[in-house]
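Trainee: Sequence unavailable; structure follows:
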């Protein structure tokens, strides 16, 4: 029998360890609790931290999932608080998953964990820098994006206005507000204010705390400018996952603009037991299954149908 020297054995052992630490798939299975609020305890326990399974800068995308997934939170969300469900779902499927907080005020925690407050034109460059860091660290050619609510605007601004189209393969949007929202009649109030010559006052009030919120209103300068050349970029594949019970994107069909490289899904179609609303979309097992199928259409999985609670998902 051939004997292996201690030195040779050490080399083999080190090689095995290195291979394991740079593995493309997460060996650990992360618990998944389908509740939008699952990310909040993580933020409270580790302020400004990362959810388990995310931001592993040694992760290398696999042949099965060559694109890292970057998460783009909604208004008031953050790296952990918005993604307590989707982060472990994606990590368990073997994706390299990355999440950060964009558009927060430069204030101490907990304000630093509340993203989507700044104008989208300021949040999007932060998102662009993060995406490019992910590409540089992982060696991938493109990322896929999973976005929620305002995160769709941030992502699409990066794609269409900051040169990101060549760096993004797919954008999967949860409750996207592409054509703006008339929630609470705000769009109608904005139009009336403009006719009365009070548009600057309306804009100042609407953006007093959340500067991005007024930008999401139907007919806002931001929405009109971003959509001036069409909602979508022709080189990116879009999947819009909407809920007919959305009280924040009104009407919900604002996020279902048709296009040649676009798939539109309403979670209640074929499942009247789904009561998920705008927030609950980020905690819903049904929406999560649609998301996974959009990222990997070659290997579709059954989409569950059962009671899904509003707000929590």
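Mentor: Nice, I can see it. Just so you know, these numbers come straight off a predicted model, no measurement behind them.
Trainee: going forward, measure contacts and count neighbours with C-alpha atoms only.
Mentor: OK.
Trainee: what ranges do the helices span in this protein?
Mentor: Secondary structure of the chain (DSSP state H): helices at 6-21, 39-45, 86-92, 120-138, 150-161, 186-195, 199-206, 221-226, 285-295.
Trainee: now the shortest one: mean pLDDT?
Mentor: For helix 221-226, the mean per-residue pLDDT is 98.
Trainee: For that helix, buried residues please.
Mentor: Of the residues in helix 221-226, those buried by neighbour count under the rule 16 or more other C-alpha atoms under 10 Å are 222, 223, 224, 226.
Trainee: where does this structure have low pLDDT?
Mentor: Residues of the chain that meet the criterion pLDDT under 70 lie in 1-28, 184-196, 198-199, 201-208.
Trainee: circling back to that earlier point, can you list the buried residues of helix 221-226 in CSV and add distance to residue 109?
Mentor: What follows is the buried residues of helix 221-226, written out as CSV (distance: C-alpha to C-alpha, whole Å):
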residue, distance to residue 109
222, 29
223, 31
224, 34
226, 32
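Trainee: with these in mind, which one is nearest to residue 170?
Mentor: Taking C-alpha to C-alpha as the measure, residue 226 is the one of the buried residues of helix 221-226 closest to residue 170, at 18.5 Å.
Trainee: ok, that closest one touching residue 157?
Mentor: Yes - using C-alpha atoms under 8 Å, residue 226 is in contact with residue 157, at 7.0 Å.
Trainee: Report the separation between the closest residue to residue 160 other than its chain neighbours and residue 102.
Mentor: The shortest distance from residue 160 to any non-neighbouring residue, by C-alpha to C-alpha, 6 or more residues apart in numbering, is to residue 233 (6.5 Å). Using C-alpha to C-alpha, to the nearest Å, residue 233 is found at 22 Å from residue 102.
Trainee: how many neighbours does the closest residue to residue 249 other than its chain neighbours have?
Mentor: Leaving out its chain neighbours, the residue that sits closest to residue 249 by C-alpha to C-alpha, 6+ apart is residue 181, at 4.9 Å. For residue 181, the neighbour count with other C-alpha atoms under 10 Å is 28.
Trainee: Nearest spatial neighbour of the residue most central in space within the chain, chain-adjacent residues omitted?
Mentor: Residue closest to the average C-alpha location in the chain (C-alpha atoms, centre = their mean): residue 147, at 2.4 Å. Excluding the flanking residues, the one nearest residue 147 by C-alpha to C-alpha, 6+ apart is residue 72, at 4.5 Å.
Trainee: Spit out the contact partners of that neighbour.
Mentor: 99, 100, 127, 145, 146, 147, 148, 151, 152, 154, 155 (C-alpha atoms under 8 Å, 6 or more residues apart in numbering).
Trainee: now residue 250
Mentor: Contacts of residue 250 (C-alpha under 8 Å, 6+ apart): 180, 181, 182, 183.
Trainee: Tell me, how many residues neighbour the third one?
Mentor: Meaning residue 182. 22.
Trainee: Excluding covalently adjacent residues, which one is nearest to it?
Mentor: Counting by C-alpha to C-alpha, 6+ apart, the residue nearest residue 182 is residue 250, at 5.1 Å.
Trainee: how close does the one you found get to residue 175?
Mentor: Distance from residue 250 to residue 175, by C-alpha to C-alpha: 10 Å.
Trainee: and if you look at residue 145?
Mentor: Distance, residue 145 to residue 175, using C-alpha to C-alpha: 14 Å.
Trainee: neighbour-wise, which of those two wins?
Mentor: In terms of neighbours (other C-alpha under 10 Å), residue 175 is the more surrounded of residue 145 and residue 175; the figures are 33 against 27.
Trainee: and that one, how far is that from residue 240?
Mentor: 7 Å.
Trainee: likewise residue 230?
Mentor: From residue 230 to residue 240 the distance is 16 Å (C-alpha to C-alpha).
Trainee: ok, back up a step: could you dump the contacts of residue 72 into TSV and include distance to residue 59?
Mentor: Rendered in TSV, the data for the contacts of residue 72 read as follows (distance: C-alpha to C-alpha, whole Å):
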residue	distance to residue 59
99	14
100	16
127	20
145	17
146	18
147	21
148	24
151	24
152	25
154	25
155	23
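Trainee: Could you single out the nearest of these to residue 119?
Mentor: residue 154 (9.6 Å).
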